[in-house]
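K.L.:
Structure, please.
(chains A and B)
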Amino acid sequence: MSIVMTTRPPEAPSNKVASFKPTLLQTEEHHLCPGCGEPVAIRLVLEVIEELGLAQKNVSIIGHGCYGSFIMTMDVDSTLCLHGRAPAVATGLKRMRPEVAVWTLQGDGDMTSEGLAEILHATARGENITCILLNNGVFGDTGGQMTASSVIGQRTKNTLEGRDAAYHGYPIVIGDMVAAMPGSAFVARGSVHNAASIAATRRLIRKGFQRQMEKKGLSLVEILTMCPTGWFVPASGGADYMMESLGKTYPLGEIKDIAATEQA
Amino acid sequence: MTMRLMDGSEAIVEAAIQAGLRFYAGYPMSPATELLEYMAEKLPHHEGVCINAATEIEGINMALGAAAGGFRAASGSCGQGLALMQEAIAEAALNETPIVIFNMARNQQDYFQATRGGGWGDYRTITLAPKDLHEAVEHAQLAFHLADKYRVPVIFMGDNLLARTQMGTTLPQLDLAPLPPKDWQLDGTSGGTGKSRQIWTFGCGKTNDPGPGPSKHWERIAAKFDAIAEVEARYEEGFTDDAETLVVAFGSGGKFVEHVVREMRADGHKVGYFRPVTLWPYPGEALERASQGCKRVLVFELNAGQMIDDVRLNVHDRKLVKAIGGVSFDESGLNLGPLMDATVIRERIELAIHGASK
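P.N.:
Residues are numbered from 1 along each chain as shown, chains lettered A, B, ... in the order given. Here you go, the predicted structure:
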């Protein structure tokens, strides 16, 4: 892992090389920490929505976490619902407006800790919604505590010696659980730790929305996102740390695609 | 519509659907179960949806989603089931999502929960407590109207007598004023226009159109509830002009008390009754006026004393207020007990009068 030199100022000022603002973002500005993976993941979702012609045909249901602040910058009809309940809120809205692409944005604390019942029952009912899970294995918004998805050995503010399976239990691998249920249409895990993974994740998100519009069932696209602040590592070290820790428990790739099954 | 004999639960569901209800999500709990059953049976025939939720928490959050989409939506349960919904009821108040919650209560221990709430924040819930099925059919319509008018959660507070008594009804429709279109609804059409919509408890708005922020937003919500309190209190009273004894009761209890007071009047007793139709806003000024000149104000409710707080707050001399109700269940613990009986109520009123004169 590279070492951040904090003893002297940077050798050159920061240099913006290109504009990455999708149409559905009102501004590139955000207040999340340096090295955070969530803005990248959200940008991908908004780009895919626009590509698929759903810009004026979608509603986002946002959970509670750092990403929640994007309700102010995403130029999308949105509600920020109660912690953990996004798949339930999305269910009510989608059932009444089946023509609209309804998607949820949750972190791992929101989905696998507070809201495990909601995601599993929404899957069981085969709701035609797209659920985006930003998994960083930690409660980032509250400053770095253990979630149900924290990996074994992960140090957090309430697992100071690292998550111990015998004491804290095992991480919940929600993607496998959802994929095992007949109500899910597409389940995949991407990441935003480098350019290749970002490009691959964009394709996964695209499939997640396509399956919803094909009325195939629930899609879950899990995206591993860096949280250097919540992991207590330097901002530039987040990507490497993530793939050495979360990446081992949560392997990348498609877990289930009902379209592929139907073709076979 | 011709007159039909219906279960109370069925009549309430029919009235709600007539009023435009299109989405219901609930979880079985006696005596609210039949409401769910009738919703499941009837809503699909009216372009509606009824979902058998996995929990009360899931059910009310589904209703919040459907309501955010601009549709009339409801959830329902009773007692402890309502307790599970409290966070979402508060959320609906603070993010201004109009929903209706049907509480087909087991008895009258839900008063605090309905009028004080168990959720977070400075909010209230309009609570309609019908005395019988005729009023319940009206309230099922009024609840949705008030919810939409003010963008608030409204609790319909019934009980097992209402849910399980049969009634012949034509389901008369209330003549309610038209409401403005829901220009706030999340229909998904405004993405990328710079005018995308938002339903959010913190009221911060969008980058290009900032909202007032949490403190000012919540201040405005609280002021809205103050304004509702000014105009939406409803009540019914009888024989209060010269009453020496005023009996206050709500819901089915109000109906029983009204009957007993009429009987006692016929026998020459100077007794009157007062029934809050809305438990919130509480018709406090009306009660203050109705209780003027009374020697005693008796409160009949099937609990250990909940509404009595509101009576004491509004009667000019709180020492006049006396409880004549109490906790009263049948053996199952699920239904109204033997205290909900005209003979027993009359005995307690007479004891209060004669005990005082000795």
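
K.L.:
correct me, but residue B:164 touches residue B:10?
P.N.:
No - counting by CB atoms under 8 Å, residue B:10 is not a contact partner of residue B:164; they are 10.5 Å apart. For every residue, glycine as well, the C-beta is placed using N, CA and C.

K.L.:
Of the two, which one has the most company?
P.N.:
Between residue B:164 and residue B:10, counted using other CB atoms under 10 Å in any protein chain shown, residue B:10 has the larger neighbour count: 21 against 15.

K.L.:
Would it be right to say that the more buried one lies in a helix?
P.N.:
Yes - using DSSP: H, G, I helix; E, B strand; the rest coil, the assignment for residue B:10 is a helix.

K.L.:
how about the nearest residue to residue 145, chain neighbours excluded?
P.N.:
You didn't say which chain, so I picked chain A. residue A:139 (4.4 Å; CB to CB, 6 or more residues apart in numbering or on different chains).

K.L.:
you looked at the wrong chain, it should be chain B
P.N.:
Distances taken as CB to CB, 6+ apart place residue B:176 nearest to residue B:145, at 4.7 Å, with adjacent residues excluded.

K.L.:
That neighbour: what's it in contact with?
P.N.:
B:141, B:142, B:145 (CB atoms under 8 Å, 6 or more residues apart in numbering or on different chains).

K.L.:
Can you add secondary structure and give these back as a markdown table?
P.N.:
As requested, those are exported to a markdown table (three-state DSSP):
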| residue | secondary structure |
| --- | --- |
| B:141 | helix |
| B:142 | helix |
| B:145 | helix |
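
K.L.:
can you tell me which of the residues you listed lies nearest to chain A?
P.N.:
Nearest to chain A among the contacts of residue B:176 is residue B:145, at 19.4 Å by CB to the nearest CB.

K.L.:
Can you give me the pLDDT of that closest one?
P.N.:
Looking at residue B:145, its pLDDT stands at 98.

K.L.:
Settle this for me: it is touching residue B:175, isn't it.
P.N.:
No - assessed by CB under 8 Å, residue B:145 is found out of contact with residue B:175, at 10.6 Å.

K.L.:
Mutual contacts of residue B:164 and residue B:10, please.
P.N.:
Common neighbours of residue B:164 and residue B:10 (criterion: CB under 8 Å, 6+ apart): residue B:34.

K.L.:
Where does pLDDT dip in the chain?
P.N.:
Answering for chain A, as no chain was given. Within chain A, the ranges that satisfy pLDDT under 70 run A:1-6, A:9-10, A:14-17, A:263-264.

K.L.:
Let me rephrase: I mean chain B.
P.N.:
B:1, B:356-358.

K.L.:
For stretch A:127-135, list the C-alpha coordinates in CSV.
P.N.:
Output of stretch A:127-135 as CSV, limited to C-alpha atoms (Å, rounded to 0.1, in the frame of the first residue of the first chain):
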residue,chain,number,x,y,z
GLU,A,127,-41.0,-7.1,-6.8
ASN,A,128,-39.9,-5.4,-10.1
ILE,A,129,-37.5,-3.0,-8.5
THR,A,130,-33.8,-2.4,-8.8
CYS,A,131,-31.9,-2.4,-5.5
ILE,A,132,-28.5,-0.8,-5.4
LEU,A,133,-26.4,-1.8,-2.4
LEU,A,134,-23.3,0.3,-1.6
ASN,A,135,-21.3,-2.1,0.5
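
K.L.:
ok, and does that stretch reach over to chain B?
P.N.:
No - Stretch A:127-135 lies apart from chain B when judged by CB under 8 Å from any CB of the partner chain; the minimum separation is 9.7 Å.

K.L.:
How far away from the center of its chain is that stretch?
P.N.:
Centroid separation for stretch A:127-135 versus its chain: 8 Å, with CA atoms, centre = their mean, to the nearest Å.

K.L.:
likewise stretch B:263-278?
P.N.:
The chain centre lies 23 Å from the centre of stretch B:263-278; the measure is CA atoms, centre = their mean.

K.L.:
Which positions in it come out as buried?
P.N.:
Judged by neighbour count using 16 or more other CB atoms under 10 Å in any protein chain shown, the buried positions of stretch B:263-278 are B:264, B:265, B:269, B:270, B:271, B:272, B:273, B:274, B:275, B:276, B:277, B:278.

K.L.:
For the stretch 51-200 of chain B, just list every one of the helices.
P.N.:
Assigned by DSSP state H, counting those that start in this stretch, the stretch 51-200 of chain B shows helices spanning B:56-68, B:79-95, B:111-115, B:133-150, B:160-164.

K.L.:
Considering the contacts of residue B:176, which possesses the most neighbours?
P.N.:
The residue in those with the most neighbours, by other CB under 10 Å, is residue B:142 (26 neighbours).

K.L.:
I'd say it and residue B:177 touch.
P.N.:
No - in this structure, residue B:142 is not within contact of residue B:177 by CB under 8 Å, at 11.7 Å.

K.L.:
among the helices of the stretch 51-200 of chain B, which is the most enclosed?
P.N.:
helix B:56-68 (a mean of 31; mean count of other CB atoms under 10 Å in any protein chain shown).

K.L.:
still on that earlier bit, and of the buried residues of stretch B:263-278, the nearest to chain A?
P.N.:
For those, the residue nearest chain A by CB to the nearest CB is residue B:278; the value is 26.8 Å.

K.L.:
got the contact list for the closest one?
P.N.:
B:126, B:127, B:128, B:129, B:232, B:233, B:234, B:235.

K.L.:
Spatially nearest residue to the last one, not counting backbone neighbours?
P.N.:
The shortest distance from residue B:235 to any non-neighbouring residue, by CB to CB, 6+ apart, is to residue B:283 (3.8 Å).

K.L.:
And the first one, by the same measure?
P.N.:
Beyond its immediate neighbours in the sequence, the residue positioned closest to residue B:126 (CB to CB, 6+ apart) is residue B:154, lying 4.6 Å away.

K.L.:
which residues of the stretch 251-358 of chain B fall in strands?
P.N.:
B:271-276, B:278-280, B:296-299, B:321-323 (DSSP state E, counting those that start in this stretch).

K.L.:
in its sheet, what does the first one sit against?
P.N.:
It refers to strand B:271-276. Strand B:271-276 sits in its sheet next to strand B:235-238 (antiparallel), strand B:245-248 (parallel), going by DSSP bridges.

K.L.:
got a list of contacts for the longest helix along chain A?
P.N.:
Ranked by number of residues, the top helix in chain A under DSSP state H is helix A:195-213. In this structure, residues lying in contact with helix A:195-213 by CB under 8 Å, 6+ apart are A:40-41, A:44-45, A:47-49, A:51-52, A:54, A:101-103, A:128-130, A:132, A:185-186, A:188-192, A:217, A:219-221, A:223, A:252, A:254, A:257-259.

K.L.:
what's the closest non-adjacent residue to residue 28?
P.N.:
Just going to use chain A. With sequence-adjacent residues excluded and distances taken as CB to CB, 6+ apart, residue A:28 is closest to residue A:21, at 4.7 Å.

K.L.:
The intended chain is chain B.
P.N.:
residue B:36 (5.8 Å).

K.L.:
I'd assumed that neighbour was in a helix, is it?
P.N.:
Yes - checked against three-state DSSP, residue B:36 lies within a helix.

K.L.:
Enumerate every residue touching it.
P.N.:
Neighbouring residues of residue B:36 by CB under 8 Å, 6+ apart: B:24, B:26, B:27, B:28, B:50, B:52, B:76.

K.L.:
Am I right that the first one is in contact with residue B:63?
P.N.:
Put plainly, it is residue B:24. Yes - with contact defined as CB under 8 Å, residue B:24 reaches residue B:63; the gap is 7.2 Å.
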